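K.L.:
pasting the structure only:
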């Protein structure tokens, strides 16, 4: 079919000048894999790490059928579905899967956008080596500025042969063959103070606690509004953009009668948070959901939200992400409810919090981060 990568859009992710839905690395992966894909039978092409649908729809446009796809961000899945509908692709051309055996079993051709995390690449390589067809060929590409020679070494841990293509437009592809010594992903686990932190590859901060989260944890209130207001029976504390579930699990441990709703759009983050909840014995009071912002939550339904907002959209730094999260928190908070947030001090979010949520005061500040509490008008 007639298809152009230039027609792709990023929404519901941030759209702005300079933020693209497809790049030179996507084009190079498609070009390098064209011969292998031409011989692939339906259901044997797998795409991993497709940002907004370039690899999946590019392969489908060339004739690949029943493509299996894994995208860590939920917004990536949503963008793929929207782009496919806009451009006239059959919805049955691809199916979305978690990062497990169902994604890669019997795969013969894999198109992979290299993750920036080496641990994430190890998880993917091990899964492929365990369950893909013995003749699988993996085309793993990215922008050269985000690639390291260690990525070659990680692939060689699980594949007999790794070749490197010529660079084109500051992009390159690694081609891996001969899978061996595979294994399913398992979370790293670490004791951090009184908390057990679990993390699958690619989860923010890994099996540790980043310094911003540490500052927020040190200053959370002794009383949580979700426990003391008039809506106790129906209320939950919410940890928005929960990552590995550190804040949510800490709240549940500190307040034995509190229920916590933790959400993140990252599949790795959600899997990690569920593992963290189980490791700390709070899985019965900690619901973990993969959600775009707080889409599953009703207006004015919560009294307490915590947030350590990301400031990257893919590899790009963009200041529009956190204000969207502030707006979602404001929608879900009841009047008088509180948003406790930690953010990089140079980003100066206090004005946005005042405008979007309500009166905001500084609770703590160090050389890099600021903790604020904003009260919903």
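P.N.:
Received the coordinates, thanks. Please read all numbers here as calculations on a predicted model, not as lab measurements.

K.L.:
residue 361 - that's part of a strand, no?
P.N.:
Yes: counting by DSSP: H, G, I helix; E, B strand; the rest coil, residue 361 is part of a strand.

K.L.:
what's around the closest residue in space to residue 148 that isn't next to it in sequence, how many residues?
P.N.:
Closest residue in space to residue 148, ignoring its immediate chain neighbours: residue 118 at 7.9 Å, by C-beta to C-beta, 6 or more residues apart in numbering. Where you see a C-beta, it was placed from the backbone N, CA and C, and this is true even at glycine. The number of residues packed near residue 118 is 16, by other C-beta atoms under 10 Å.

K.L.:
OK, contacts around residue 118?
P.N.:
148, 150, 151, 154, 201 (C-beta atoms under 8 Å, 6 or more residues apart in numbering).

K.L.:
backbone dihedrals for it, please?
P.N.:
phi -70, psi -30 (degrees, to the nearest 10).

K.L.:
max pairwise distance over the contacts of residue 118: which two?
P.N.:
148 and 201 (15.3 Å; C-beta to C-beta).

K.L.:
compare those two (neighbour count), which wins?
P.N.:
Taking other C-beta under 10 Å, residue 148 and residue 201 do not tie; residue 201 has more neighbours (23 against 12).

K.L.:
state the phi and psi torsions of the more buried one.
P.N.:
Dihedral angles for residue 201 - degrees, to the nearest 10 - are phi -60, psi 130.

K.L.:
for the protein, give me the ranges with low pLDDT.
P.N.:
Applying pLDDT under 70 to the chain picks out residues 226-234, 312-320.

K.L.:
quick one: the helices in it?
P.N.:
24-38, 54-61, 74-86, 101-104, 118-131, 149-156, 211-219, 225-228, 246-254, 267-279, 321-332, 350-356 (DSSP state H).

K.L.:
for the third one, name the packing helices and strands.
P.N.:
To tie it back to what came earlier, the one meant is helix 74-86. Contact analysis of helix 74-86 by 3 or more C-beta pairs under 8 Å, 6 or more residues apart in numbering; DSSP states H and E lists helix 54-61, strand 94-96 as its packing neighbours.

K.L.:
list the contacts of it.
P.N.:
Contacts of helix 74-86 (C-beta under 8 Å, 6+ apart): 7-13, 21, 50-53, 56-57, 69, 71, 91, 93-94, 96, 265-267, 290-292.

K.L.:
report the angle between that helix and helix 54-61.
P.N.:
30 degrees (axes from the mean of the first three to the mean of the last three C-alpha atoms, to 10 degrees).

K.L.:
buried residues, helix 74-86. List them.
P.N.:
Buried residues in helix 74-86, counting neighbours by 16 or more other C-beta atoms under 10 Å, are found at 74, 75, 76, 77, 78, 79, 80, 82, 83, 84.

K.L.:
OK, contacts around residue 262?
P.N.:
238, 239, 242, 245, 247, 248, 273, 277, 286, 287, 288, 289.

K.L.:
tell me what it is bridged to.
P.N.:
residue 239, residue 288 (DSSP bridges).

K.L.:
separation between it and residue 140?
P.N.:
31 Å (C-beta to C-beta, to the nearest Å).

K.L.:
who does the residue lying closest to residue 240 once chain neighbours are set aside bridge with?
P.N.:
By the measure of C-beta to C-beta, 6+ apart, the closest residue to residue 240 outside its immediate chain neighbours is residue 307, 4.7 Å from it. Residue 307 forms beta bridges with residue 240, residue 341, as assigned by DSSP bridges.

K.L.:
before we move on, back to that, for the helices of the chain, please prepare JSON lines with the additional fields distance to residue 175.
P.N.:
Compiled in JSON lines, those are given as follows (distance: least, C-beta to C-beta, whole Å):
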{"stretch": "helix 24-38", "distance to residue 175": "7"}
{"stretch": "helix 54-61", "distance to residue 175": "15"}
{"stretch": "helix 74-86", "distance to residue 175": "24"}
{"stretch": "helix 101-104", "distance to residue 175": "17"}
{"stretch": "helix 118-131", "distance to residue 175": "13"}
{"stretch": "helix 149-156", "distance to residue 175": "9"}
{"stretch": "helix 211-219", "distance to residue 175": "38"}
{"stretch": "helix 225-228", "distance to residue 175": "52"}
{"stretch": "helix 246-254", "distance to residue 175": "38"}
{"stretch": "helix 267-279", "distance to residue 175": "25"}
{"stretch": "helix 321-332", "distance to residue 175": "34"}
{"stretch": "helix 350-356", "distance to residue 175": "45"}
